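J.: from the sequence below, what's the structure:
(one chain, ligands or ions: 1)
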Amino acid sequence: MAPEAVIETQNSEPHHGTTLIDPGGRDLGAATILVVDDLHGNRVLLKQALEASGFENIVMAESAQDAFLLMGLSGRKRASRKIDLVLMDITMPKVDGIEACRRINGSPEHSNIPIIMVSALNEVGTLEDAFLAGAVDYIAKPINQIELNVRVRSALALKLAMDERNTREIEFERREKELLEVTRLLEETNERLRHLSTLDGLTGIPNRRRIMEFLDQEWRRSQRDGSWLSILMIDVDYFKHYNDTLGHQAGDDCLWLVANCLKRCLNRASDMVGRYGGEEFIAVLPETPRDGAINVAHEMRAGVQALNIEHPDSGAAQVVTISLGVAACQPNSDMTSAKLVSMADQALFEAKRRGRNRFTDASTARTLENQDCDLMGANAPNTAPAR
Ligand SMILES: [Mg+2]
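T.: All right, here's what the predicted structure looks like:
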């Protein structure tokens with residue numbers, strides 16, 4: 001059969017390099033073009049015409065099935081070439097160009113490849129079918145060299161620009177994911193650091209900053225709710241003597257044991273005890289009235305004594321003991337949390353003054369001795385006690 005695609009060669013001078021660079025700097029000449037035509041003569045003519053226009057990579061298929069195989073659309077093989085543009089004959093035996101176009105366009109991996117239909121047929125019905133099947137353009141035979149060049153260039157420029165955009169989008173998504181992951185790790189690290197920065201390094205219980213933050217927060221909540229708030233100021237009796245006699249390592253161990261004993265004495269998840277400084281601790285008991293706070297103070301005093309940590313130089317007992325000051329209130333406009341702390345501190349001072357290993361309630365300033373406390377403090381000196 002004689003070739004149908006007779007080329008009208010108004011300008012068949014081969015193009016050189018730079019003429020196929022599009023305004024976006026893309027080299028259209030390096031793109032791969034697949035020519036599908038059942039007639040050998042047509043394929044050769046189209047190849048020659050494209051090469052004359054400067055396109056370097058022309059692949060040919062003599063049927064739709066051949067084209068599918070080559071593009072990896074059928075069979076198990078992957079595409080042997082990455083195709084950037086298809087020039088598709090319409091009239092072919094078995095699978096015609098329109099059906100082939102529909103198959104290629106229906107494949108998600110191939111639907112981005114532009115297809116230009118090439119045919120002598122110019123019936124409106126065929127053209128409509130071709131565009132409905134996904135063709136982007138149409139070239140009539142006999143082929144006009146300039147028209148071929150212009151249409152191929154324009155389809156390729158669009159295709160390569162879309163490819164670039166897709167690549168950028170994929171890269172953008174990848175970077176976005178990376179950024180999200182980095183942000184998540186950073187937040188995790190910050191959370192860990194924040195947690196660490198709220199704990200006292202020696203005892204593992206909340207540090208002064210954290211416990212005072214907690215007091216402020218609970219103070220405001222009590223003000224809103226009109227609920228009770230109690231605090232306990234706690235001090236280890238004769239701790240300086242303990243350190244001086246047994247050394248700082250033993251002192252540190254002692255503080256750890258006392259701190260964790262105090263923590264165990266808290267009844268509710270909402271209670272908190274923190275290290276106030278040195279051998280001093282503070283417990284904040286939200287929604288706890290005076291009686292509840294006194295119960296906790298009692299348990300803490302008894303609990304620390306029951307640890308049975310030998311104290312060779314205590315004026316209060318044979319073992320390590322604590323003194324406590326209790327202060328409770330329903331926050332109102334006349335009160336501040338600092339005032340409550342000061343009241344608890346004064347009560348603690350009073351407990352020290354009265355002989356230690358006991359607690360004093362700030363409201364009554366009475367010493368509440370315990371049955372299991374054998375130092376009644378009746379003869380305690382009326383001077384500032386050594387802590
Ligand atoms: Mg044909």
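
J.: top helix in the chain by residue count?
T.: Of all segments of type helix in the chain, defined using DSSP state H, the longest is helix 145-197.

J.: residues of this protein that sit close to the ion?
T.: Taking Cβ under 5 Å from the ion, the part of the chain that reaches the ion is made up of 38, 89, 91. Glycine gets a C-beta too; all of them are placed from N, C-alpha and C.

J.: now, which of these lie within strands?
T.: The subset of the residues of the chain next to the ion located in strands under the criterion DSSP state E comprises Asp89.

J.: what subset of the residues of the chain next to the ion is buried?
T.: Among those, the ones that count as buried by 16 or more other Cβ atoms under 10 Å are 38, 89.

J.: let me have the residues of the chain next to the ion in a markdown table, extended by distance to Gln223 and pLDDT.
T.: Formatted as a markdown table, these follow (distance: Cβ to Cβ, whole Å; pLDDT from 0 to 100):
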| residue | distance to Gln223 | pLDDT |
| --- | --- | --- |
| Asp38 | 89 | 94 |
| Asp89 | 85 | 93 |
| Thr91 | 88 | 89 |
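
J.: any chance of the residues of the chain next to the ion in JSON lines, with distance to Met212 too?
T.: Converted to JSON lines, the residues of the chain next to the ion look like this (distance: Cβ to Cβ, whole Å):
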{"residue": "Asp38", "distance to Met212": "87"}
{"residue": "Asp89", "distance to Met212": "84"}
{"residue": "Thr91", "distance to Met212": "88"}
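
J.: and the longest helix of the chain, what does it pack against?
T.: Using 3 or more Cβ pairs under 8 Å, 6 or more residues apart in numbering; DSSP states H and E, the elements in contact with helix 145-197 are helix 40-52, strand 85-89, strand 115-119, strand 137-140.

J.: deepest in the core, which of the ones you listed is it.
T.: The highest mean neighbour count among these, using mean count of other Cβ atoms under 10 Å, belongs to strand 85-89: a mean of 28.

J.: run through who's touching it.
T.: Here strand 85-89 makes contact (Cβ atoms under 8 Å, 6 or more residues apart in numbering) with 31-39, 42, 46, 67, 97, 100-101, 104, 113-119, 135, 139, 152, 155-156, 159.

J.: tell me the confidence at the spatially closest residue to Pro289 that is not a sequence neighbour?
T.: Of all residues beyond its chain neighbours, the one nearest Pro289 is Trp228 (4.2 Å), with distances taken as Cβ to Cβ, 6 or more residues apart in numbering. Per-residue confidence for Trp228 comes out at a pLDDT of 96.

J.: now the closest residue in space to Leu148 that isn't next to it in sequence: how far from Arg301?
T.: Closest residue in space to Leu148, ignoring its immediate chain neighbours: Ala49 at 5.7 Å, by Cβ to Cβ, 6+ apart. Separation of Ala49 from Arg301 (Cβ to Cβ, to the nearest Å): 102 Å.

J.: over to Val35. Which of the three states is it?
T.: Val35 carries the three-state label strand when classified by DSSP: H, G, I helix; E, B strand; the rest coil.

J.: residues in a beta bridge with it, which ones?
T.: Met60, Leu87 (DSSP bridges).

J.: from Gly97, how far off is it?
T.: Separation of Val35 from Gly97 (Cβ to Cβ): 12 Å.

J.: more neighbours: which of those two?
T.: Neighbour tally, Val35 and Gly97, criterion other Cβ atoms under 10 Å: the higher count belongs to Gly97, 29 against 25.

J.: doesn't Ser63 make contact with the more buried one?
T.: No - contact between Gly97 and Ser63 fails when scored by Cβ atoms under 8 Å: they sit 10.4 Å apart.

J.: what touches both of these two?
T.: When contacts are counted by Cβ under 8 Å, 6+ apart, the set common to Gly97 and Ser63 consists of Val36.

J.: where along this protein do the strands fall?
T.: Listed in chain order, the strands of the chain (DSSP E) span 32-36, 57-61, 85-89, 115-119, 137-140, 229-236, 272-277, 280-286, 322-329, 359-361, 367-368.
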